[in-house]
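1. how would this look folded up:
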Amino acid sequence: MSDDHQRQGRQFSDDDLQDLVASTDSGARAPSNKLVAGLIAGLALAWSLFQLWIAQPQLWFAEYLPALNSSQTRPIHLTFAIVLAFLAYPAFKSSPRDRIPLVDWALLIIGGSCAFYIFLFSDQLAMTARSGLPTQTQVWIGATGILILLEASRRALGPALTIVGSLFLLYAYMGSGWLIPELIEHEGLSFTGLINAQWLDTAGVFGIPLGVSTAFVFLFVLFGSLLDKAGAGNYFIKLAFAGLGHLRGGPAKAAVVGSAMTGLISGSSIANVVTTGTFTIPLMKRVGFSSEKAGAVEVASSVNGQIMPPVMGAAAFLMVEFIGISYVEVIKHAFVPAAISYIALVYIVHLEALKKDMPALGEARSFVGMLVKLFIGFAVAGAAFTALIYIVNGLRAVLPGLTGPIMMLALAAVYLFLIAVAARRPDLEEDDPNDPEIKLPTVAEVYATGLHYVLPIVVLVWFLMVERQSPAKSAFYATSLMLLIIVTQRPLKAMFRGQAGQLASEFAAGLGDLVQGLIAGARNMIGIGVATAAAGIIVATVTKTPIGTELAGLVEQLSGGILFVMLVLVGLFSLILGMGLPTTANYIVVSSLMASVVVSLGAQEGLVVPLIAAHLFVFYFGIMADVTPPVGLASFAAAAVSGGDPIRTGFTAFFYSLRTVALPFLFIFNPTLILYGVDLGTTAGVLQAVFVFVIATFAMLLFAAATQGYFLARSRIHESAALLLVAFTLFVPNVWLNMVQPPFVQVDPARFEEVLADVPNGQELRLQIAGPDFNTGAMTETTLVMTVEGASAQERIQNSGLMLLPEGDTVRMEEPMFGTPVAEKLSSFDFYSDTPVRLANVQMPRDRMPEQVFYIPALLLLGLVIVLQRRRQTKPAF
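-> Numbering: from 1, shown residues only. Just a heads-up that it's a prediction; the model follows:
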């Protein structure tokens, strides 16, 4: 096939597309000098080996070498990132790519030295700067390091984070001025204080975000890079096409599922678009999708990969640190909305295929039949995993000392068996989507060729979910297995195929794959390492200035106190803040500024928002910036593949992603959607989770049908409105129930102790607190949830941390006990003002009819829409 034919309808060749990914993810520079190219590869390899060395949990080297703590590993991590950023990323588009200018050599040496200084003199810094007494030399080293870090950020990530970081530095230093609103004014930090807080201290640049990048993110990116290098990416795409390619709009459905699976491998929505899009977009166009719609489907499914556990573009690990909950809890809360969002996207694609009467590629298959097979597959896999848990627990009870070795031998045996099965079939080759004759593979042909790629994922899930190990340790074990697979799969296949003469060459090729995977993993981390460090500037500014606490007041003023408008404004702010930022930096910025705003504003309006729901809310809106014009980088990448208009592609992708925009509002008003308060350790909890998932999926499919204007036939406006109403009712029936039966009984604060003595242990009460704001002095309110624990009323009050002083009909409040959760939640009140802080209201839950009662009218309305549309239906709905 000619190159001209392959490029037909596209603006970029395959080399151009790979360059596009490189320029955004791993650096576009490819020096012609072999020594310089070897230096870049060598440093990248050294970085990967360093990260594996510090991650290994057994510390077998501890008696020979000192183990490094986090304040020592973070500077080394950043040193690698800065040095490689100036080696791999040119300063401008016009800058040379085949050589490294002298200025870049100077910047990487100075920048790397400033970061490495923090490691080399960590003991001296503890005695000086971190005790509040930085030397002049340290201050100038810190100032130089910040400037060079911002330049590295500009090269690796574009100007967005550099501009935002610079503005925050200026705000922290100046404090007030004609551009700074009065609401967030402060005295300003001294130059020495600013540099100390941002570079020399253990917060700021070297704070939690960089710590998460060092401890967790690198290993997961490396794990994905090794999986991809081993051939798992092509395997997942082929598997998706084998299962879905025969359906109406099959290539688009395969693009969605393929992107979901490669989301395990790639932490970048842009890389995901180009990796799967170069194959799926031409095939989507072939079955009837326009260039823009084909690109938009790929964008929507690739960006969705960022909200899908277990990695979530590294945001999952950051949530663990920011919220203070376990990694397993984050996965639990994030799974349902991500899963139903993907299911709805497959359905949106199906509706597009029905609307355009698109043909299937090859012989058409049943969509329902495919769903049944998928369900059976998941059920069998789930049963096998559950059986494995029981077997291991039984083994531990009988042979506790030998469980580990037996499990390793069993894993090795399973790996050898799966490699033997794969060796019976030819290795998967990458298909040409422009080939005039398309032969879709069958699942039977594909699935056995790469089952061994699932083993490291099973190991990862096992250690995370069953063993409850840390993400770092779990990723280390999974990556270690991946290292073994990438080196041994080639020679083992040759051995099973009777090609003994090729063992040495295949082993050498495996080692080559390993080295390339380690180098690629490190190069993919350059941007993330720099981004987390630069985002630390924003985190430090939020903690050192009033902007974090006062932003809530600004949003409240703009919204006029209307809760829904507040949430819309927070969503818009998150979207704007996220423009041009990679997922990791994006989450750090928007969560630092906006997550607490959602919680505090909700509490002021009587809505208790779980912190995890607030973080997911801002995260969802932040990643939508990858889709939304004018800065939607994923949309530009998809347009480069499809030959479509990037702005139209972006708007179409945003329209396809409306479900991702709606979900955050829904789980703010109904936290059960993120399984908040659902105990998965009980049978009742598991059944409730299954019920929530089924209802939410059904509701999301109806929402997709309403927004697409097609259900069983083309919908009329009133039918789409009815479908939206049904979907809303299924998602948040509590909204209607609250209108009919208020959820709480109001109790006079003066009777609080009397009521508190009568309620059972574990009961939740809502307390409305009113008083002067600590910063402004204006009267403000918030809502607290108090879980009743203790035998008597006095003991229950003491356990809560509250200090109550009844005075006639009112109940005054003193400052809560230090260190209690209540003290943090009430820290915005001024307890030493002349106007007292008081208990304004007490609310007890009342007995009400079940909210599911409202499903009945909703389903009747749905039945009416079905009857109306059945009369016009001309083709099967599935």
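2. so is residue 767 in a helix, a strand, or just coil?
-> Put simply, residue 767 is strand when judged by DSSP: H, G, I helix; E, B strand; the rest coil.
3. gap between the closest residue in space to it that isn't next to it in sequence and residue 776?
-> In this structure, residue 767 finds its nearest non-sequential neighbour in residue 784, 4.5 Å apart by C-beta to C-beta, 6 or more residues apart in numbering. Backbone N, C-alpha and C define where each C-beta goes, glycine included. Counting by C-beta to C-beta, to the nearest Å, the gap from residue 784 to residue 776 is 21 Å.
4. likewise residue 208?
-> To residue 776, residue 208 is 29 Å away according to C-beta to C-beta.
5. circling back: which one of residue 784 and residue 776 has more residues nearby?
-> For residue 784 versus residue 776, neighbours defined as other C-beta atoms under 10 Å are more numerous around residue 784 (19 against 13).
6. buried residues in the helix or strand harbouring the more buried one, which are they?
-> For residue 784, the host element (DSSP states H and E) is strand 779-787. Neighbour-count burial for strand 779-787, with 16 or more other C-beta atoms under 10 Å as criterion, is recorded at 780, 782, 783, 784, 786.
7. wait, which of the residues you listed is closest to residue 157?
-> Residue 157 has its nearest neighbour among those in residue 782, at 37.0 Å by C-beta to C-beta.
8. the closest residue to the closest one other than its chain neighbours: neighbouring residues, count only.
-> Nearest non-adjacent residue to residue 782, counting by C-beta to C-beta, 6+ apart: residue 603, 4.3 Å away. Residue crowding around residue 603 was assessed by other C-beta under 10 Å; the count is 20.
9. which strands and helices sit next to the helix or strand hosting residue 603?
-> Taking DSSP H and E as the criterion, residue 603 maps to helix 596-604. Under the contact definition 3 or more C-beta pairs under 8 Å, 6 or more residues apart in numbering; DSSP states H and E, helix 596-604 sits against helix 547-559, helix 563-577, helix 611-623, strand 779-787.
10. among those, which comes closest to residue 858?
-> Shortest distance between residue 858 and the helices and strands packed on helix 596-604, using C-beta to C-beta, is found for helix 563-577: 20.8 Å.
11. and for that closest one, what's in contact with it?
-> 164, 555-556, 558-559, 586, 589-590, 593-594, 597-598, 601-602, 605, 607, 617-618, 621-622, 624-625, 628, 661, 664-665, 668 (C-beta atoms under 8 Å, 6 or more residues apart in numbering).
12. quick one, which of those are buried?
-> Neighbour counting by 16+ other C-beta under 10 Å classes 164, 555-556, 559, 586, 589-590, 593-594, 597-598, 601-602, 605, 617-618, 621-622, 624-625, 628, 661, 664-665, 668 among these as buried.
13. rewinding a little: give me the sheet partners of the strand holding residue 784 and which way each runs.
-> If you go by DSSP bridges, strand 779-787 pairs up with strand 764-772 (antiparallel).
14. report the angle between the partner strand and helix 596-604.
-> 100 degrees (axes from the mean of the first three to the mean of the last three C-alpha atoms, to 10 degrees).
15. name the residues of strand 764-772 that are buried.
-> Neighbour-count burial for strand 764-772, counted by 16+ other C-beta under 10 Å, picks out 765, 766, 767, 768, 769, 770, 771, 772.
16. many thanks, I have nothing further to ask.
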